[in-house]
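S.K.: Please find the sequence and the predicted model below.
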Amino acid sequence: MRIVHHLENSRSLRVLWMLEELGLDYELRRYPRDTKTLLAPPELRNVHPLGKSPVLQDGELVLAESGAILDYLADRYDTQRQLSPSPMPADGAERIAYRYWLHYAEGSAMPPLLLTLVMGRIRNAPMPFFARPIARSIADKAEHGFIGPQRRLHLDWMERRLSESPWFAGERFSAADIQMSFPIQAAAARGGGLDDKPALRGFLKRISERPAYQRAEAHGGHLQALSGN
């Protein structure tokens with residue numbers, strides 16, 4: 001039996017979505033975030049040493065990292081290649097694009113968005129009144145000097161891709177789109193919105209209309225942790 005260890009309001013919604021797209025049964029074990037720190041509870045360390053989510057148990061296999069999990073599910077269960085290109089030829093255009101965006105989501109797209117969240121929390125954290133201007137100045141300089149330009153660079157890159165093709169790997173929906181959903185959702189909520197990114201807004205609308213995505217949200221909860229700065 002497949003078991004998904006799912007932290008509420010987290011990236012692990014993508015694993016539920018992938019399983020729903022593949023029509024696979026799974027047991028869902030939900031974990032609440034700490035109400036003060038918003039971190040994962042210590043119980044998750046009993047599942048994986050890093051105490052992170054998502055974690056997939058499939059028989060004796062215990063696998064973490066959303067990209068690795070999606071890759072594994074595609075290779076093992078997507079026998080009709082509905083969500084993943086054929087591995088051969090290895091240099092096929094769809095296969096190369098699929099692999100790139102599957103890894104890009106966490107490797108390049110998420111760091112500026114995570115830094116946006118961190119600096120927002122520094123700016124609004126409780127602290128002595130005399131320290132507040134200093135903290136806000138540091139956060140503002142980081143935002144204007146590095147984080148903001150990097151965020152815009154990556155959003156422009158994603159927008160360009162979806163202006164050229166309907167999905168990240170090409171003409172058809174794939175697991176790469178599932179993996180890319182989180183950084184785009186995060187950008188919509190944390191990074192100043194997507195007002196000037198019609199292709200990315202269209203992408204979010206299309207995925208939200210997929211029955212498998214709706215079932216994943218019904219089981220795992222809406223991604224409310226993306227709100228705020």
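M.R.: It's in.
S.K.: Could I get the contacting residues of the residue sitting nearest the centre point of the chain?
M.R.: Residue closest to the mean C-alpha point of the chain, counted by CA atoms, centre = their mean, is F182 at 2.9 Å. Contact partners of F182, counting by CB atoms under 8 Å, 6 or more residues apart in numbering, are 11, 13-14, 66, 105, 110, 223. All C-beta atoms are positioned from the backbone trio N, CA, C, and that covers glycine.
S.K.: which one of those residues is nearest E21?
M.R.: Nearest to E21, judged by CB to CB, of the contacts of F182 is R14 at 10.4 Å.
S.K.: what's the closest one in contact with, if anything?
M.R.: 54, 66, 70, 178-179, 181-182.
S.K.: centre of the chain versus the worst-scoring helix or strand of the chain on mean pLDDT, how much separation?
M.R.: Lowest by mean pLDDT, DSSP states H and E among the helices and strands of the chain is helix 132-142, with a mean of 77. What separates the centre of helix 132-142 from the centre of its chain is 28 Å, taken as CA atoms, centre = their mean, to the nearest Å.
S.K.: before we move on, what about stretch 148-166?
M.R.: How far stretch 148-166 lies from its chain's middle: 16 Å, per CA atoms, centre = their mean.
S.K.: can you pull the alpha-carbon coordinates of it into PDB?
M.R.: Taking C-alpha atoms only, stretch 148-166 is exported to PDB below (Å, rounded to 0.1, in the frame of the first residue of the first chain):
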ATOM      1  CA  GLY A 148      13.200  41.100  -6.500                       C
ATOM      2  CA  PRO A 149      15.400  41.100  -9.700                       C
ATOM      3  CA  GLN A 150      15.900  37.300  -9.400                       C
ATOM      4  CA  ARG A 151      12.200  36.700  -8.900                       C
ATOM      5  CA  ARG A 152      11.300  38.800 -12.000                       C
ATOM      6  CA  LEU A 153      14.000  37.100 -14.100                       C
ATOM      7  CA  HIS A 154      12.600  33.600 -13.300                       C
ATOM      8  CA  LEU A 155       9.000  34.700 -13.800                       C
ATOM      9  CA  ASP A 156       9.800  36.200 -17.100                       C
ATOM     10  CA  TRP A 157      11.500  32.900 -18.100                       C
ATOM     11  CA  MET A 158       8.500  30.800 -17.100                       C
ATOM     12  CA  GLU A 159       6.100  33.200 -18.900                       C
ATOM     13  CA  ARG A 160       8.200  33.000 -22.000                       C
ATOM     14  CA  ARG A 161       8.000  29.200 -21.900                       C
ATOM     15  CA  LEU A 162       4.300  29.100 -21.600                       C
ATOM     16  CA  SER A 163       3.900  31.700 -24.300                       C
ATOM     17  CA  GLU A 164       5.700  29.300 -26.600                       C
ATOM     18  CA  SER A 165       3.900  26.000 -25.600                       C
ATOM     19  CA  PRO A 166       0.700  25.200 -23.600                       C
END
